[in-house]
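Undergrad: have a look at this prediction, sequence included:
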Amino acid sequence: MNIISGKYNLPVTGMTCASCVARVEKVLTKVDGLENVKVNYATENVSFDVVDSSIDIQKAAEKLKKYGYEIELNQNTLNNKMVGVENNDSELFSNEYNELKKDFKLALFFTIPIFLISMFSNMYSEWPVSSDYTHKILLILTTPVLFIPGKRFFKIFWTNLKHFSFEMNSLVAIGTGSAFTFSTIATLFPKLVSINSLIPHVYFDTAAVIITLILMGKVLESRAKKKTNTTIKKLMELKPKEATVIVDGKEIQIPLDQLLVSQSVIVKPGEKIPADGIITSGYSTIDESMITGESMPIEKRKKSKVIGGTINKNGTFIFEITVLGDNSVLGQIIKMVEEAQGSKAPIQKLADKIASIFVPTVIGIATLTFISWMILGGDNSFIIALVSFVAVLIIACPCALGLATPTAIMVGTGLGASKGILIKNGESLEVAHKVTTIVLDKTGTITEGNPRVTNILTNKINENELLSLVSSVEKRSQHPIAEAIVNYSQSMNIETYQIESFENIDGFGVFAIVNGRMILVGNKKLLNKYSIPVDKFEKEYELFTREGKSIVFVAIDGEFKGLLAIEDPIKTTTAEAIGVFKNLNLKVVMLTGDNEKTASAIAQRIGIDKIFANVLPNEKATKVVELQKKTK
């Protein structure tokens, strides 16, 4: 199989817990020619650097397969290096999740009656069915639980045993297997394990409940991984499927994966920008909110940088591609999401580390117990020794060790979700008590992410007439501020007119003729350009600016007629939430891609003391790390 030097990121299947990650990394690290081996458990990918092209990667995959893990290895995935999530078929996640859910439902179907029968037969001395018959019913109900949904634990245990390796699945298999085996012997051959003719106790409910609850934890974990995959897929969908490149003066549409650095690409109104680059000609405004958090569109002209995945609003321009793939802004964001989702809870690492020592220790103690009772047990030494041996294994079964983490995560994330709080992973929950600083994004978190008209000031003109003329002009624009004005006018049932003439003035606003009247709509610089004085509302303008609002000036027939203030409204619950944070002695920081003036105005209104403005997404993680270092 042909392979070239470079970085690879390939799907790997068969991992069932955090300790599997360490094992996969350990096996592949020992392969000569592979370096920087890293496994992402959340996305089920393994990445590594190939430094020797003569390496037989098929042999490395076969070596890994002996431990129960398989790399999705074919010429297609090898040709597309750093395939990551794009080639990690979401069906793999869906199939795993559906299989686990089906096993959990089957286990739950049998476990509920097993639990109820066991509980009531022990509680009531007048239980209508004999103990012998009750035990046989429990045996019949428990057998499917162990050998259908529970077989995965025993399969993994056997694979690990061949390599003298133990982890959480080993504990589950040994504990439930011991409980079921002893209970089966006690049911079918009670004399073999009875002491002084007493009917031995059975542990069918223990075996069934443990397997069902462990499966429940795995279903929740698999669902989280599936959602992670979906999240990354949505990020990838920000980019268009095709791009229009200019070749020999002609416009040609090509698939995104055929783009090359230094190619010239033309982007028209409403289209998504296919890659990072620099504008070589043209002018437009671009909605970068999904990347930067900036709620208002950004004006772009020659030599301005553009970001792949953002939306071109109302102009046409040509740009030269500077960066593609994983090195682009969006590529870096996707990479950061993958790495964040692949993190592990420290307590889970500890549990798996303990498991590797705990299992052989428990087996040793159980064996020592058996030998001790064989020596000291007297007439019934073998039976007493056997019962004691199994009792040690059953008592040591990792109910708490295996269930504490997934159950805590389930309860914590479930309660959080019911209150509108999404918790990223188990590690976030575990370290939450150490938090001293809360970092909030602005757009869509503090604010609603939907610009609206908040104020209208008029000068010698009726407000409705002003709105009618302005919205007639703004209907021709795709600018979010224009959309806010049009939406406001529509909500007020304002009538609009046909435009006789329309001209976009780059960096200033627009000029139009409506009903024979010359209309200017734009920023303060637009009216200054035409020598139209705007002193009348100077105080109000300064106030609106301090409040972080965007101001639209309007002139009709050469005379200043008013202004409109637009803002992204702060959520009604924001101030209260920040107050709660401060009552908990938490420092609140706003981190936003918005401009300094708007960010400062909003921070003052809601009581935030510190802000970081004009921050790109790939810089936000760095800012958080800086804050973490300062608070240590």
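TA: In hand now; what should we look at?

Undergrad: tally of neighbours for Asp32?
TA: Neighbourhood size, Asp32 [other CB atoms under 10 Å]: 10. The C-beta positions use only the backbone N, C-alpha and C, and glycine is treated the same way.

Undergrad: swap in Glu503?
TA: Glu503: 9 neighbours (other CB under 10 Å).

Undergrad: not counting sequence-adjacent ones, nearest residue to it?
TA: Spatial nearest neighbour of Glu503, excluding adjacent residues (CB to CB, 6 or more residues apart in numbering): Phe511 at 4.6 Å.

Undergrad: just say helix, strand or coil for that neighbour.
TA: Following DSSP: H, G, I helix; E, B strand; the rest coil, we place Phe511 in the strand state.

Undergrad: that one and Arg517, how far apart?
TA: Per CB to CB, to the nearest Å, Phe511 is found 12 Å from Arg517.

Undergrad: so the two - more neighbours on which side?
TA: Remark: of Phe511 and Arg517, Phe511 carries more neighbours, 19 against 12, as counted by other CB under 10 Å.

Undergrad: so who does that one touch?
TA: When contacts are counted by CB atoms under 8 Å, 6 or more residues apart in numbering, Phe511 touches Ser501, Phe502, Glu503, Ile505, Met518, Ile519, Leu520.

Undergrad: before we move on, back to that, ok, the residue nearest to Glu503 to Ile566 distance?
TA: Relative to Ile566, and taking CB to CB, Phe511 is found at 20 Å.

Undergrad: how many other residues sit next to Gly270?
TA: Look at Gly270: counted by other CB under 10 Å, it has 10 neighbours.

Undergrad: let me see the backbone angles for Thr316.
TA: With angles defined as degrees, to the nearest 10, Thr316 sits at phi -120, psi 140.

Undergrad: quick check: closest non-adjacent residue to it.
TA: Nearest one to Thr316, counting by CB to CB, 6+ apart, is Lys268 at 5.1 Å.

Undergrad: right, and Leu270 touches Asn312 too?
TA: Quick fix: residue 270 is Gly, not Leu. Yes: the pair Gly270 / Asn312 is scored as a contact, 6.8 Å apart, by CB atoms under 8 Å.

Undergrad: what do those two both touch?
TA: By CB under 8 Å, 6+ apart, no residue touches both Gly270 and Asn312.

Undergrad: what about the helices in the stretch 351-500 of the chain?
TA: 381-395, 399-418, 426-431, 463-474, 480-491 (DSSP state H, counting those that start in this stretch).

Undergrad: show me where the stretch 101-250 of the chain has its helices.
TA: Taking DSSP H, counting those that start in this stretch, the helices of the stretch 101-250 of the chain run over residues 131-147, 151-162, 168-188, 190-193, 204-236.

Undergrad: return the most buried member of those helices.
TA: helix 168-188 (a mean of 23; mean count of other CB atoms under 10 Å).

Undergrad: what packs against that helix?
TA: When contacts are defined as 3 or more CB pairs under 8 Å, 6 or more residues apart in numbering; DSSP states H and E, helix 168-188 sits against helix 131-147, helix 151-162, helix 190-193, helix 204-236, helix 346-376, helix 381-395, helix 399-418.

Undergrad: show me where the stretch 451-600 of the chain dips below the pLDDT cut-off.
TA: 478-479, 506-507, 594-595 (pLDDT under 70).

Undergrad: try 50 this time
TA: For the stretch 451-600 of the chain, applying pLDDT under 50 flags no range at all.

Undergrad: where along it do the strands fall?
TA: 452-458, 499-505, 509-514, 517-522, 550-556, 559-567, 587-591 (DSSP state E, counting those that start in this stretch).

Undergrad: most tightly surrounded among the ones you listed?
TA: Neighbour counts (mean count of other CB under 10 Å) averaged over each of the strands of the stretch 451-600 of the chain peak at strand 550-556, with a mean of 23.

Undergrad: of the helices and strands packed on helix 168-188, which shows the lowest average pLDDT?
TA: Comparing mean pLDDT across the helices and strands packed on helix 168-188, the weakest is helix 399-418, with a mean of 57.

Undergrad: ok, back up a step: can I assume the residue nearest to Thr316 is in contact with Asn314?
TA: No: counting by CB under 8 Å, Lys268 does not reach Asn314; the two are 10.1 Å apart.

Undergrad: higher neighbour count, these two?
TA: Per other CB under 10 Å, whichever of Lys268 and Asn314 has more neighbours is Asn314, with 18 against 13.

Undergrad: give me the element the more buried one is part of.
TA: Assignment of secondary structure by DSSP states H and E places Asn314 within no helix or strand.

Undergrad: so how far is Glu44 from it?
TA: When Asn314 is compared with Glu44 (using CB to CB), they lie 42 Å apart.

Undergrad: for Ala432, same thing?
TA: Ala432 is 27 Å from Glu44, by CB to CB.

Undergrad: out of the two, which sits in the more crowded spot?
TA: Comparing Ala432 with Glu44 by neighbour count (other CB under 10 Å), the higher total belongs to Glu44, at 24 against 10.

Undergrad: number of residues surrounding Asp52?
TA: With other CB under 10 Å as criterion, Asp52 counts 12.

Undergrad: report pLDDT for the nearest residue to it once chain neighbours are set aside.
TA: Once flanking residues are discounted, Asp52 sits nearest to Gly33: 3.5 Å by CB to CB, 6+ apart. At Gly33, the pLDDT value in this model is 80.

Undergrad: pretty sure Gly33 is touching Phe48, no?
TA: No: at 9.5 Å, Gly33 does not count as touching Phe48 under the criterion of CB under 8 Å.

Undergrad: okay, the two: which has more neighbours?
TA: Under the criterion of other CB under 10 Å, the comparison of Gly33 against Phe48 puts Phe48 first, with 22 against 17.

Undergrad: hang on, that one in a helix?
TA: No: read with three-state DSSP, Phe48 is strand and lies in no helix.

Undergrad: and it, bridged to which residues?
TA: Beta bridges link Phe48 to Tyr8, judged by DSSP bridges.

Undergrad: what is the neighbour count of Gln258?
TA: Neighbour count of Gln258, defined by other CB under 10 Å: 10.

Undergrad: distance of it relative to Ile321?
TA: Relative to Ile321, and taking CB to CB, Gln258 is found at 12 Å.

Undergrad: repeat that for Glu25.
TA: Counting by CB to CB, the gap from Glu25 to Ile321 is 35 Å.

Undergrad: out of the two, which sits in the busier spot?
TA: Ile321 (22 against 15).

Undergrad: helix, strand, or coil at the more buried one?
TA: Under three-state DSSP, Ile321 falls in the strand class.

Undergrad: contact partners for the closest residue to Phe115 other than its chain neighbours?
TA: Spatial nearest neighbour of Phe115, chain neighbours left out: Asp205 (5.5 Å); criterion: CB to CB, 6+ apart. Contacts for Asp205 (CB under 8 Å, 6+ apart) come out as Ile114, Phe115, Ser118, Met119, Leu138.

Undergrad: what comes up buried for stretch 386-395?
TA: Buried residues in stretch 386-395, defined by neighbour count with 16 or more other CB atoms under 10 Å: Leu386, Val387, Ser388, Phe389, Val390, Ala391, Val392, Leu393, Ile394.

Undergrad: who touches that stretch?
TA: With CB under 8 Å, 6+ apart as the criterion, stretch 386-395 contacts 174-175, 178-179, 181-182, 193, 195, 200, 203, 206, 362-363, 365-367, 369-370, 373.

Undergrad: let's go with 10 Å and repeat that
TA: The contact list for stretch 386-395, computed with CB atoms under 10 Å, 6 or more residues apart in numbering, reads 171, 174-183, 185-186, 192-195, 200-201, 203, 206-207, 210, 362-363, 365-374, 377, 380.

Undergrad: can you check stretch 571-584 too?
TA: Under CB under 10 Å, 6+ apart, the answer for stretch 571-584 is 420, 435-438, 440, 444-449, 586-588, 590, 602-603, 605-609.

Undergrad: report how many residues lie close to Tyr256.
TA: No Tyr there; residue 256 is Leu. 14.
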